[in-house]
Structure formats: structure tokens, C-alpha cells
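In: Give me a model of this one.
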Amino acid sequence: MGTHERWTRLLEVLGERGRIDVGEAVELLNVSAATVRRDMDELANQQLLVRTRGGAVLSGVAYDLPLRYKTARRADEKLRIAKAAAAMIPPGAVVGLNGGTTTSEVARELATRADPVPYPNGAALTVVTNAINIANELAVRPQVKTVVTGGVARPNSYELTGPLATMVLQGISLDYAILGVNAVDARNGAATHDEGEASANRAMALRADKVIIVADATKVGRRAFAQVCAVHEFAVLITDKEASDENVEQLVALGVEVHCV
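Out: Numbering: from 1, shown residues only. Below you'll find the predicted structure:
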């Protein structure tokens, strides 16, 4: 297990339990106590956990891991979800993408398609995003017109949020919005942990003809703090095959088109 993988697993366990001691981490990661202590010290330096005598406890940000520590989680499922989402987007469309690991994969799938050029606007695809990492990847693709909102960057997700982001989104029209979220269920709809992200994502959803939610099975049937959109406000959910039948059936009964890939 590599360093990145160990750090991700440590932070996941801390998010679930709130604390972990060195002995538990040694057993969990199958490495030496010295390696665990070095890992904990480095994560403490990054303010992602708080060191205690003999272990570590949850810090204020560990419940919502920075994007760089999420990339290895359920990577295969996210790639399948991304491929399915990209396949729904016709050439020449205007697509909104928010931040997150799954939407980043969607952006890569869209960027590498062999769509014919030019279209009336001179691009095979127009992508509007408030995620600076996605904009960075797409900016070098001449066939993609990349539009970036303003706003204040959140270090956990690389998303631009706040009044500037909302103002830009309110002035445009989208054919599709593909949104990654932290949770989606039949009662509370799609939601995220941070209210600033939710506000920008909601603005994007409101400007789209069709909203597609992309979320792996660990997020389906879950609730999060800030609602992005109610169930009747998104048309499609793309998730993976581990999503429970009960949660899927509840969403389908409310008119959501669910794809388990």
C-alpha cells in the first residue's frame, strides 16, 4: 500500500470513528508502527488530523476530505459512472460541471471524445465549470470552449463559490448540468456538506434544461447538510451496481431515471 493510499485510509477511518490509535492503524494498514507515526505526523502538519498520545483524533476538516485524498476511492466505479454520463451528452451541447472526483472524470471523458468540429460557436462542446482543476484540464483542449465562474476557491473541492460564482451562473443557459454530490436520497434530494458549494451547484442546476446527478453507491440513500436540488429537480441519477434496490426503487417511483453501471 502506497503513501497516498495509507493516508486516504487513515482519514476515512477517522471520519467514521473519530479517533484511531497507532496499534489499530498498524493492523489496518499492515505497516510498521514507525510508518504509522510518520503518516500521522505528516497529516497533522497538513491539519487533517490532530495527534494524540498514541494515536490521532478527527480534525475539523476530516469529515469532508480534500479532493486529492478522494481520487483513489471507488475509482473504477467513478470511471464507469463518468463514461455513462459523458455518453448522454450530444456534440455541441453546453454542459455545466461542478467540482468533485466523479465530475473530474466526466470532464476527462468529454475532453477526449472525437466530436467533429466546428459547431456554430466554434467548439465541439462548451463546458461551464466552477471547478478550477477541471478548467485547468480542459483549457488545453482546443475543441472545448471552457467557461469558468468567478468566486472564492474552496481548498477541499477546488470549487469556486460565493456571490461571484452565482452571478455568472445566473446569466447563462445550459443544456445539461452534471453534478457530483455527497448524498442523494428520495426524501432530501441531492445534497452536499458545504452550504457555499450547495448554493453554487443549485444555481447551476437552475440554469440547465436537464440535471444529471453522478454519485457512487456509498452516497445513495445518505443525507448531507445542504440541499443542492430536490428530487423533482433532477432527471437522472447515475450510480454503480452496489446501490441498494430499495433506494433505487424509491427514486424511480418519484420519476428519477436511475442508471446503475
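In: which strand residues sit across from the nearest residue to Met40 once chain neighbours are set aside in the sheet?
Out: In this structure, Met40 finds its nearest non-sequential neighbour in Ala56, 4.9 Å apart by Cβ to Cβ, 6 or more residues apart in numbering. No exception for glycine: its C-beta is placed from N, CA and C like everyone else's. Residues found in beta-bridge contact with Ala56 (criterion: DSSP bridges) are Ile20, Arg51.
In: Does Ala56 touch Ile20 like I think?
Out: Yes. Using Cβ atoms under 8 Å, Ala56 makes contact with Ile20 at a distance of 6.0 Å.
In: quick one, which of these two is more surrounded?
Out: Ala56 (27 against 23; other Cβ atoms under 10 Å).
In: Who are the contact partners of the more buried one?
Out: If you count contacts by Cβ atoms under 8 Å, 6 or more residues apart in numbering, Ala56 has them with Leu10, Leu14, Arg19, Ile20, Met40, Leu43, Ala44, Leu49, Val50.
In: For the residues you listed, point out the one with the lowest pLDDT.
Out: Taking those together, the minimum pLDDT is found at Leu14 (82).
In: what's the helix or strand where it lies packed up against?
Out: When secondary structure is defined using DSSP states H and E, the element that contains Leu14 is helix 3-17. Under the contact criterion of 3 or more Cβ pairs under 8 Å, 6 or more residues apart in numbering; DSSP states H and E, the helices and strands touching helix 3-17 comprise strand 19-21, helix 22-29, helix 33-45, strand 49-52, strand 55-58.
In: and with 7 Å instead?
Out: If you count contacts as 3 or more Cβ pairs under 7 Å, 6 or more residues apart in numbering; DSSP states H and E, helix 3-17 packs onto helix 22-29, helix 33-45.
In: what about Leu48, neighbour count?
Out: When neighbours are counted by other Cβ under 10 Å, Leu48 registers 22.
In: one step back: list the buried ones in the helix holding Leu14?
Out: Applying a neighbour-count criterion of 16 or more other Cβ atoms under 10 Å, the buried positions in helix 3-17 are Arg6, Trp7, Thr8, Arg9, Leu10, Leu11, Glu12, Val13, Leu14.
In: Just to check, the last one is in contact with Arg51?
Out: This means Leu14. No. Under the contact definition of Cβ atoms under 7 Å, Leu14 does not touch Arg51, with a separation of 11.7 Å.
In: Mind jotting down where the helices sit in the stretch 151-261 of the chain?
Out: Counting by DSSP state H, counting those that start in this stretch, one finds helices in the stretch 151-261 of the chain at the ranges 163-170, 195-206, 245-253.
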